[in-house]
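Student: predicted model follows, preceded by the sequence.
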Amino acid sequence: MPSPSRVTYSRNATLSLSRTCSAYCKYCSFATRKFHLHTPDDVERQLDDAVKRRAKELLILTGEAPDQHPAVLAELRAHGFDDFVAYVIWAAERALERGLLPHTNLGAISKADLERLRPVTASQGVMLESISERLMETVHEGSPSKHPARRLATIRAAGELKIPFTSGILVGIGETREERLQSLAALAELHAEFGHLQEVILQNFVPHERYYGRDVGAIADAAAREFWRTGIGALPDEVPLPAWACEVTIADMVELVEETRRLMPDVGIQIPPNLADWWPQLVAAGATDLGGLSANGDHISPEHPFPSPKQVRERLATDGVALSERLCVYPQYIDDVWLDPAVLDTITVKYWTFIPRGASGRSEAPYVIDRDLVAPSLERARDGQPLAEEALTALFSERDPVAVEEIRRRMAGDTVTFVVNRNINISNVCTVGCAFCGFGQSKRSPDAYTITTEDFEARVREAVEYGATELCIQSGIHPEWTLASYEGWLRLAKQLGRKYGRELHLHAYSPMEIAHMADLSGLPLDALFERLVDAGLGSTPGTAAEVLVDGMRQRISPNKLPADRWVEVIQAAHRAGVPSTATVMFGHIEEPWELAQHMRLIRRVQEETGGITEFVPLSFIPFQTRLGRTHGVEELSIEDNLRHTAVFRLALGTSVRNLQASWVKMGLQGATEALRWGVNDLGGTLMEENISRLAGAQHGTILDPPQLIAAAHAARRPAAERTTTYAIREWHPLPQRPRFVRRGEHGSAGDRGAAGAASRTAGARVGAA
C-alpha cells in the first residue's frame, strides 16, 4: 500500500485521574492495587498546565473501576461525588471550560456510563487488546473486565450511542498471529454495523520495570520535558521479555497495518511512535496517525517519552510525508449527530477550522444561505449576468455539481490553450510569514536561497532551448532588495533572452512585490509601472490575492497587503497597459460568502479595466504549511475542487474569457476533468515550480507540450499553444477518428480534400512569438 502523504496526531495532555485498578494484567506498569486519586485542586492545576502547553485534547486515563477500592470510593464521596464516573464528568466539564476536548478511556464500562460521559466528551475509547479468551488464563488472569466479550460489549454500546470511538489491539502479550487477525476482524464487524470507530491502535508490547510506590505521571512528565527540550532521550534499561509474552517483529506490524487498511479502509490506523524505532516504516506501510504526542509524556510507558511534533515532522519530511494536527474527535464525526452541544460549541468557538468544509456550524454566516436562490442564479449566470453576493454564496454552498459548459463554450470556444513557459523563483527569502505558505523562509533559515546571476542565466538558456516564450518571475519579499534589484532582474532576463535568440515575455512580480517596491521607492504606482515596463515587464501575475476580504486576510496572512491595495496595484497595471491574471486561493478556512465577495470584486475590476487575461483558481495545499499543520485543514477533494471551479466560471460570467486549471495543484488528471467544468486553459509547462511543491504538492514541476495536448484531446477538445496574452502560436486539432469504410466505399473527393487540408494545417503556426 502506498504511504500516506499526511500523518496526523493530536496535541494532548494526559490526566491519570486514578491509577487504582481492579484488574491484574501482567504487562501493566500503570495500574496499582493501592489507593490513588488526584484531588479536585490537583486536577484543576493539571488542566491549567495543559492549557499552557497548548494542548487541545485532555486524555483522561484511569484504572478499571477504581471506585471498587473502598478508600477511593470514600474519598470521592468526601468530595461530593457518588461514584468515579461522576468525578470524570466533573473533570471533563472543567476541561471544556478551558477549551480542552476530553477523550476518556475508563476501560470496559457499561452502556449507562458511556451515556453519562457522552455530553462532556469529544470521543471515548477502550482497547479490545485481543479476541483471545485463552489469555484470560495467562496475562489477564484475575481480570474479568479484560474478557473480550466484556470489551466488545462496551465497543458495541458506544456504537449504539453514536460515540466517536477509539479501540485497538495489543500485540506481543502471548497471542497468536491468527488471534491478532481475528481481533481486527471483530473490530471491523462492529464498525461495519455502527461506523463509529474513528481509529484503531496497533500497539506493540514493550516490557517495563514495575513502578510500585512511584508516580508514573511525574516520571513521564520529566522524561518528556527533557526529550522535547534536548532531543536526547535516555532509554530505560532493557527488561527481558516475560515468558508469557511473544516477540513482535516489524514484519508482524506491517502485516497488521495492511490488514487493518483492508478491513477498515475508512478508519485511522494509529501507531505509537515512542515504543519502537520502526514507526516510519509503518507509516510507509499505510499507518495514518501517531496518536496523542502528549506534552506530559506517556503515562503507560513513562520512560518512553513521545517525540515532539517538531522531531516527528523533521523525520517524516525525509520521506516526503507531512505531519498535521487533528482533534481527538476525527473530522467526519464533528456534527450534532455524534457530539453533544457543549462539546460542539467548544469546537465551533475554539477549533472551528477543524470542522469539515461545508458542515453546518463552521462559522456564523452574515445572512441566511437560501438554497432556493440556486436555480434562478444559475439561469442569470448562464446569461452572463452578474450575481448578488447572497446568490453567489448559495452557489458556493451548493453540494451538487453545476453545469457550466454552455457559458464556457460561448465565452472561450472549445479550444484548450496552454503556454510554453518557465517559472523562476529567484529567492524564497521572505519577511511576510503567511500561514498558508511553505515557500517563504527567513534570511537566516538553512532552507533559504537566492540564486546567482549565473544560475539565472542557466535557467533562461534552458527556457529558450525548451521553446519557452514566457518567463514567470516571482520571489519572496526579500529584506535587502531595492527597486533597482527588481528592475535588474527584468533587464537581465530580457538581455539573456536576446542573447540566446528569443524575445521573451516577462510575466513578473505579484501585487505584493509591486506594493513593496512602491513602499521602498516612494513612487506612485503609475510611475513605478512606467519604470518596470521600461525594464522589460510585459504582464503581472495576479497572485497574492488569496481571498480579497480583509477579515480573512488577517487570519491567514496579517502582514500581506490589504484587499484595497491589491486592487490598486492591478488597476495601475492595467492603466499602464500591463495586463494581469487574477487568482483565488480556496479550500482552507474561507467561507462561501467570502469567496462570493472575492469574485464580485474581481468581476468589478475586470468590468472597469478589461485587463485581466485569465482567472486562476488555486486550491490550498496544506501539507507543509503552518495553516495545514496546526488548524486541521485537509486537502480539498477533487470533487469539491471541480465544484468550486464551475462556480468561479459562473461568477465571472462574460467578464473574464479564460479560466485556467492549475495542474500543479490538481494533478493532470484533475485538470483534464476540469475541462468539463468550465475550464479552457491548462496554464504553462512551468519547468520549475517551488511554491506549491514546498507546500507539499505532489504533481510534479513540469509538463511537456505533448502531455498538455494529450490532456485536451482526452477531453475531446482541440488544443493550441498560446502566448501569455492569448495569441495562438500553434494549433493542435483533435486527431481524426478512423472511419469504418464499407468494402467498395471510398468517400467523396470533397471528403478526401477536406481531410488532406486538415492534415496539412495541423500544427501550422499562425502567429509569431
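Tutor: Perfect, thanks for sending it.

Student: list the contacts for H478?
Tutor: Shown in contact with H478 (Cβ atoms under 8 Å, 6 or more residues apart in numbering): S427, V429, C430, T431, T450, S485. Quick note: C-beta positions are derived from backbone N, CA and C, even for glycine.

Student: buried subset of these?
Tutor: Among those, those that count as buried by neighbour count (16 or more other Cβ atoms under 10 Å) are S427, V429, C430.

Student: if we can go back for a sec, can I get the contacts of H478 in CSV with pLDDT, secondary structure and distance to P242?
Tutor: Formatted as CSV, those follow (pLDDT from 0 to 100; DSSP: H, G, I helix; E, B strand; the rest coil; distance: Cβ to Cβ, whole Å):
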residue, pLDDT, secondary structure, distance to P242
S427, 95, strand, 59
V429, 95, strand, 56
C430, 95, coil, 55
T431, 93, coil, 58
T450, 96, strand, 59
S485, 97, helix, 68
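
Student: ok, these vs N204, which is closest?
Tutor: Distance to N204, by Cβ to Cβ, is smallest for C430 among these, at 42.9 Å.

Student: would you map the strands across the stretch 1-150 of the chain?
Tutor: All strands of the stretch 1-150 of the chain, identified by DSSP state E, counting those that start in this stretch, fall at 6-10, 12-18, 57-62, 101-105, 123-125.

Student: what residues sit buried inside the last one?
Tutor: Going back to what we said before, that points to strand 123-125. Counting neighbours by 16+ other Cβ under 10 Å, strand 123-125 gives S123, Q124, G125 as buried.

Student: would you mind confirming that the first one makes contact with F165?
Tutor: Put plainly, it is S123. Yes. Using Cβ atoms under 8 Å, S123 makes contact with F165 at a distance of 6.7 Å.

Student: so what sits against both of these two?
Tutor: Common contacts of S123 and F165 (Cβ under 8 Å, 6+ apart): Q198.

Student: tally of neighbours for the closest residue to Y24 other than its chain neighbours?
Tutor: Nearest residue to Y24, sequence neighbours excluded (Cβ to Cβ, 6 or more residues apart in numbering): G142, at 4.1 Å. Residues lying near G142 (other Cβ atoms under 10 Å) number 11.

Student: with E730 instead?
Tutor: Residues lying near E730 (other Cβ under 10 Å) number 17.

Student: phi and psi next, for the closest residue to it other than its chain neighbours.
Tutor: Leaving aside its chain neighbours, E730 sits nearest to E721 (4.4 Å; criterion: Cβ to Cβ, 6+ apart). Main-chain dihedrals, E721, degrees, to the nearest 10: phi -80, psi 140.

Student: what's the answer for the one 4 residues further on, then?
Tutor: Backbone dihedrals for T725, given as degrees, to the nearest 10, come out at phi -100, psi 20.

Student: low-confidence stretches in the stretch 551-700 of the chain?
Tutor: 690-691, 693-699 (pLDDT under 70).

Student: re earlier: can I get the buried ones among the contacts of H478 in CSV including distance to P479?
Tutor: Below are the buried ones among the contacts of H478 laid out as CSV (distance: Cβ to Cβ, whole Å):
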residue, distance to P479
S427, 10
V429, 7
C430, 9
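
Student: from those residues, which is closest to H507?
Tutor: Nearest to H507 among the buried ones among the contacts of H478: S427, at 17.6 Å, using Cβ to Cβ.

Student: with adjacent residues omitted, what lies nearest to that closest one?
Tutor: Closest to S427 by Cβ to Cβ, 6+ apart is T450, at 3.9 Å.

Student: list the contacts of that neighbour.
Tutor: Contact partners of T450, counting by Cβ under 8 Å, 6+ apart, are I426, S427, V429, H478.

Student: so which of those comes closest to P705?
Tutor: Nearest member of the contacts of T450 to P705, counting by Cβ to Cβ, is I426, at 25.2 Å.

Student: measure the closest one to P511 for me?
Tutor: Shown here: I426 relative to P511, a distance of 17 Å by Cβ to Cβ, to the nearest Å.

Student: okay, and the helix or strand of this protein with the least pLDDT?
Tutor: Scoring the helices and strands of the chain by mean pLDDT, DSSP states H and E places helix 749-761 at the bottom, with a mean of 31.

Student: without its sequence neighbours, what residue ends up closest to Q68?
Tutor: Closest residue to Q68 apart from its sequence neighbours, by Cβ to Cβ, 6+ apart: S22 at 4.8 Å.

Student: likewise V329?
Tutor: Nearest to V329 is A122, by Cβ to Cβ, 6+ apart, at 4.2 Å.

Student: ditto for L686
Tutor: Leaving aside its sequence neighbours, L686 sits nearest to N423 (Cβ to Cβ, 6+ apart; 5.0 Å).

Student: try R116
Tutor: Here the residue nearest R116, using Cβ to Cβ, 6+ apart, is V85, at 5.6 Å.

Student: correct me, but that neighbour touches G107?
Tutor: No. In this structure, V85 is not within contact of G107 by Cβ under 8 Å, at 11.2 Å.

Student: check what pLDDT the residue nearest to Q68 gets.
Tutor: If you check S22, the pLDDT there is 85.

Student: contacting residues around it?
Tutor: Going by Cβ under 8 Å, 6+ apart, S22 touches G63, E64, A65, P66, Q68, H69, S143, S145.

Student: can I assume E688 is in contact with I426?
Tutor: No. E688 is beyond contact range of I426, at 11.1 Å (criterion: Cβ under 8 Å).

Student: tell me the mean pLDDT over stretch 351-360?
Tutor: The average pLDDT for stretch 351-360 rounds to 77.

Student: can you check stretch 701-712 too?
Tutor: The model assigns stretch 701-712 a mean pLDDT of 93.

Student: same check, this time on stretch 75-82
Tutor: Rounded mean pLDDT across stretch 75-82 is 96.

Student: using CSV, list the CA coordinates for it.
Tutor: The C-alpha trace of stretch 75-82 is given here as CSV (Å, rounded to 0.1, in the frame of the first residue of the first chain):
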residue,chain,number,x,y,z
GLU,A,75,-12.5,10.0,49.0
LEU,A,76,-14.9,10.5,46.1
ARG,A,77,-17.8,10.8,48.4
ALA,A,78,-15.9,13.2,50.6
HIS,A,79,-15.6,15.5,47.6
GLY,A,80,-19.3,15.1,46.8
PHE,A,81,-19.2,12.5,44.1
ASP,A,82,-21.4,9.4,44.2
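
Student: re earlier: adding distance to P376 and pLDDT, write the buried residues of strand 123-125 out as JSON lines.
Tutor: Shown next, in JSON lines, are these (distance: Cβ to Cβ, whole Å; pLDDT from 0 to 100):
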{"residue": "S123", "distance to P376": "43", "pLDDT": "98"}
{"residue": "Q124", "distance to P376": "46", "pLDDT": "98"}
{"residue": "G125", "distance to P376": "49", "pLDDT": "97"}
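
Student: count of residues packed around T249?
Tutor: T249, neighbours per other Cβ under 10 Å, totals 11.

Student: ok, it - contacts?
Tutor: So T249 contacts nothing (Cβ under 8 Å, 6+ apart).

Student: how close does it sit to E129?
Tutor: Distance from T249 to E129, by Cβ to Cβ: 19 Å.

Student: wait, isn't A122 in contact with C328?
Tutor: Yes. Using Cβ under 8 Å, A122 makes contact with C328 at a distance of 5.2 Å.
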